[in-house]
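>>> following is a predicted model, sequence given first.
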Amino acid sequence: MSTTLTNRWDSLFSNAMDAVTREFDRDFRSTGNGIRNEFRRYGGLAVWEDDGHIHIEMDLPGLHLDDLSLSMEKGQLWIRGERKLPQHDRKTWYDERYYGAFQRVVVLNDSVDPESIDATLEDGVLYISIAKKAEHQPRRIEVKAGKGSQKRLEQN
């Protein structure tokens, strides 16, 4: 009986993970090659935040600054670029590198200030920092002692 229960549990978990994988494949597929090929075409993307900024990093090895563009359109940050084929004659035996145009979109909410976008391409990594609007940044709230607390402090 426990074998059957284990099999059912494994099947349930496996089906859930398959559903997540299918969802990622559906969301990230732009050429019909699937998520694994899409990430191989260009570098991985990391997005995180701290108290004052949204940070984005994208691996873009071998990409020249002239072949990269960023734009902000309707709350979406578009990262577009093209890795050009080398211009010299060569007889290729094997090449896994992707050449051609790519684009990625990062959807941002209204908590960021689009005028504050700062981007740097360094050592094959694109670093983007976007400041949050002041009203969306955490603020420290002063806590005051009540009258009863003040009396206790004076007695000690």
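It's in. Residues are numbered from 1 along each chain as shown.

>>> run a quick neighbour tally on residue 63.
Counted with other CB atoms under 10 Å, the neighbours of residue 63 add up to 20. For every residue, glycine as well, the C-beta is placed using N, CA and C.

>>> least confident secondary structure element in the chain?
Across the helices and strands of the chain, mean pLDDT, DSSP states H and E gives its lowest value to helix 35-41, namely a mean of 48.

>>> following it, which helix or strand comes up?
The helix or strand immediately downstream of helix 35-41 is strand 45-49, counting by DSSP states H and E.

>>> tabulate the CA atom coordinates of that following strand in PDB.
Coordinates of each C-alpha in strand 45-49 appear next as PDB, following Å, rounded to 0.1, in the frame of the first residue of the first chain:
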ATOM      1  CA  LEU A  45      18.900  37.300 -16.400                       C
ATOM      2  CA  ALA A  46      18.900  38.100 -12.700                       C
ATOM      3  CA  VAL A  47      16.400  40.600 -11.200                       C
ATOM      4  CA  TRP A  48      16.300  41.700  -7.500                       C
ATOM      5  CA  GLU A  49      15.600  44.700  -5.300                       C
END
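
>>> helix or strand right after it?
strand 53-59.

>>> wait, residue 117 touches residue 71, no?
No: between residue 117 and residue 71 there is no contact under CB atoms under 8 Å: 9.8 Å.

>>> anything in contact with each of these two?
Listed as contacting both residue 117 and residue 71 by CB atoms under 8 Å, 6 or more residues apart in numbering are residue 77.

>>> the more surrounded of the two?
Legend: neighbour count by other CB under 10 Å for residue 117 and residue 71, higher for residue 117 (18 against 10).

>>> roughly how far does that one sit from residue 47?
To residue 47, residue 117 is 14 Å away according to CB to CB, to the nearest Å.

>>> likewise for residue 110?
Using CB to CB, residue 110 is found at 16 Å from residue 47.
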